[in-house]
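1. have a look; sequence and predicted model below, questions after that.
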Amino acid sequence: MIYTFLAIIAASLVLALASRRGHDHQGAKEFFTASGQFGPVLFFFLSVGETYSVASMLGFPGGVYAKGGGFITWFFGYILLAAPVLYFVGPLIWRAGALYGSATIPDFFGRHFGSRALELTMACSAIVLLVPVGTTQFLGLRIVLSSLDLPVSPMVLVALAGVMAFLYVVIAGLRASAFVAILKDGLMLGAILLVSAVAIAHWREGGTPIVTTAAPEPALLHDKVFSISTMIVQAIGFAMIPQTWAFVFSASHPGAIRQAQVVSPLYLLLFPLLMCVAYFARLHGLHPPAPDFVFITTAQALLPPWLVGVVLAAITLSGLVLLASVCLAISPLVTRNVVVGLDEPAQQRWANVVTGLYLLLSIIGMTLAGKLIVTLNNLFYFGIVQFIPGFVAALCLARVGAGAIIGGLAAGWALAFGLYFAGVDVYGINVGLVGLMLNAAVMLGLAAVWPRRGARSVMARLRA
Amino acid sequence: MSARPSIRVLLLGLGVPLVLLVGLTLAPPWTHLRFLGISGAIWCLFACAPITSLCLLACNRQQQDETP
């Protein structure tokens, strides 16, 4: 098991090194966005890396195993809806970014609105919201690495995983992430197909029949409202995630983004297979040590050890690719938007320092993880979706200024986080959506009172 | 290629998947039937993935045709 695992991890490092070929002289744009040279195939692998992280491979079947399928509607719905959202919004982000030579969200907002305050607000909030993403990945990696049964502390193994993610970033920036993502997706696809196929083949042995009828659980209108509002908030929020912008800027042309989104919903057909694995474990008496172990426990029960090594390597790579992507999203936020005046080599040097610090903080966060991390993860989409009114204003509403956007953001965050922490239920509506409505209203109200003059919207500039 | 997609393309690419997902949430069909442990309503939800892909493919073709 350990040999196949190590061989695959070593192969990923070789692939990261190979991605540098022909791109030895890396500027900051090459490092953070691969100089916008990715066609539909590389863009596709990079963007689906975000969808299939360690959380999807362990957390999704774990959730089904522990709680049944109640959360599937909004979880699957938002990831599916994110594809058409990105199909339409992605090319707009690409064109808007190209207009201002942007590499990050705050780059775009700062330059379009000519406001350092707005650039800083966007950068600092994005950094805060991205912090728990790394911790979540390390929590998943700890589960995978502890399943290797090595006589080494899981903390040491997690630290080594952090070193691997750091190496991907240092070797070739976003280009390495994209190349490793190809290996990761191939292995992950194989691992899910294999484990689910073997589970289905063993389904009848002492378990329940393949087809059954069961009394339906009545769903409350409240739950349906929550599912629909969460689906919508998280799908549009997906387009505002800092990594999404980095991926979009890595595309060689807007058509590459569209083509990748045409295929990406088909990738979601792996979810029923993951769900089958969880139900197989539940209905056939497998007992994972914790719900999140269910995919690994099923693989261990049904596959020979060397194939379990392949499965564990696939899950590990899915965590490492996302970690590297988040590092590459957070680094330019610090080196371009928070600290100003760094030249390109300095940006890249400091990006490595920020990456190291972020990985270290995430590992420390993992050791302290508990309710706080769960809370921060919930807050991620409530917070990130509040960037939407400002983006729409930049696209179409020339009279909206930076002050109105900051006012709207503050109101949206205050209401969404306030409702969440106070535990107020607004008829089941996702509090992120409630905050979004106030955000838009405040932004438009402030723009009506203090309109921006003499400016043009992005759409007007693109038409010119 | 125009930066702004036509209403027809928007309805096909965004409207159809949204209506399907909202419809399946509000009125989930075949909830009593289970195949491989998964209810009929969830299988219908999963079927939205290839439908969305087809819709986006049609949009992409349409937008390419609209290119002057």
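-> It's in.
2. can you list contacts of stretch A:119-137?
-> A:53-55, A:104-107, A:109-110, A:242, A:319, A:322-323, A:326-327, A:329-330, A:333-334, A:337-338, A:358-359, A:361-362, A:365-366, A:369, A:373, A:376-377, A:379-380, A:383-384, A:387, A:406, A:409, A:413 (C-beta atoms under 8 Å, 6 or more residues apart in numbering or on different chains). Where C-beta positions appear, they are placed from N, C-alpha and C, glycine not excepted.
3. and if we set it to 6 Å?
-> Applying C-beta atoms under 6 Å, 6 or more residues apart in numbering or on different chains, the external contacts of stretch A:119-137 come out as A:54-55, A:105-106, A:109-110, A:242, A:319, A:322-323, A:326, A:330, A:333, A:337-338, A:362, A:365-366, A:369, A:373, A:376-377, A:380, A:383-384, A:406.
4. now, those that are in strands?
-> Here DSSP state E is the test, and those give no hits in strands at all.
5. just the buried ones from those residues?
-> A:54-55, A:105-106, A:109-110, A:242, A:319, A:322-323, A:326, A:330, A:333, A:337, A:362, A:365-366, A:369, A:373, A:376, A:380, A:383-384, A:406 (16 or more other C-beta atoms under 10 Å in any protein chain shown).
6. is whichever helix or strand B:Thr52 is part of in proximity to chain A?
-> If you go by DSSP states H and E, B:Thr52 is part of helix B:40-66. Yes. Applying C-beta under 6 Å from any C-beta of the partner chain, one finds helix B:40-66 touching chain A at B:42, B:45-46, B:49, B:52-53, B:56-57, B:60.
7. out of those, which are buried?
-> Buried among the residues of helix B:40-66 next to chain A (16+ other C-beta under 10 Å): B:42, B:45-46, B:49, B:52-53, B:56, B:60.
8. just give me the closest of these to A:Lys184.
-> B:Ala49 (20.6 Å; C-beta to C-beta).
9. okay, now the unreliable bits of the chain?
-> No chain in the question, so chain A it is. Applying pLDDT under 70 to chain A flags the ranges A:22-30, A:34-36, A:49-51, A:205-210, A:213-219, A:369-378.
10. the chain in question should be chain B.
-> Scanning chain B for pLDDT under 70 picks out B:1-3, B:66-68.
11. leaving out sequence neighbours, find the closest residue to whatever residue of it ends up closest to chain A.
-> In chain B, the residue that lies nearest chain A is B:Gly37 (2.8 Å; C-beta to the nearest C-beta). Of all residues not flanking B:Gly37 in the chain, A:Tyr279 sits nearest, at 2.8 Å (C-beta to C-beta, 6 or more residues apart in numbering or on different chains).
12. also A:Thr33?
-> Here the residue nearest A:Thr33, using C-beta to C-beta, 6+ apart, is A:Phe249, at 4.1 Å.
13. give the helix, strand or coil label for the one you found.
-> With DSSP: H, G, I helix; E, B strand; the rest coil as the basis, A:Phe249 sits in helix.
14. quick check: it vs chain B, distance?
-> Distance of A:Phe249 to chain B, computed by C-beta to the nearest C-beta, to the nearest Å: 16 Å.
15. distance of that residue relative to A:Arg95?
-> Plainly put, A:Phe249 is 11 Å away from A:Arg95 if you go by C-beta to C-beta, to the nearest Å.
16. more neighbours, those two?
-> A:Phe249 (25 against 17; other C-beta atoms under 10 Å in any protein chain shown).
17. so the more buried one is in contact with A:Phe32, correct?
-> No. The pair A:Phe249 / A:Phe32 is not scored as a contact, 8.0 Å apart, by C-beta atoms under 6 Å.
18. with adjacent residues omitted, what lies nearest to A:Pro305?
-> Leaving out its chain neighbours, the residue that sits closest to A:Pro305 by C-beta to C-beta, 6+ apart is A:Met1, at 4.1 Å.
19. relative to A:Gly428, which of the residues of helix B:40-66 next to chain A is nearest.
-> In terms of C-beta to C-beta, no member of the residues of helix B:40-66 next to chain A lies closer to A:Gly428 than B:Leu45, at 19.0 Å.
20. what residues are up against the closest one?
-> Contacts of B:Leu45 by C-beta under 6 Å, 6+ apart are A:76, B:24.
21. let's see that with 10 Å instead.
-> By C-beta atoms under 10 Å, 6 or more residues apart in numbering or on different chains, the contact list for B:Leu45 reads A:69, A:72-73, A:76-77, A:80, A:268, A:271-272, B:20-21, B:24-25, B:28, B:38-39.
22. and what of A:Ala96?
-> Contact analysis of A:Ala96 by C-beta under 10 Å, 6+ apart lists A:102, A:108-109, A:111-112, A:245, A:248, A:391, A:394-395, A:458-459, A:461-462, B:3.
23. and A:Val54, by the same measure?
-> Neighbours of A:Val54 in contact, by C-beta under 10 Å, 6+ apart: A:136-144, A:292, A:315-323.
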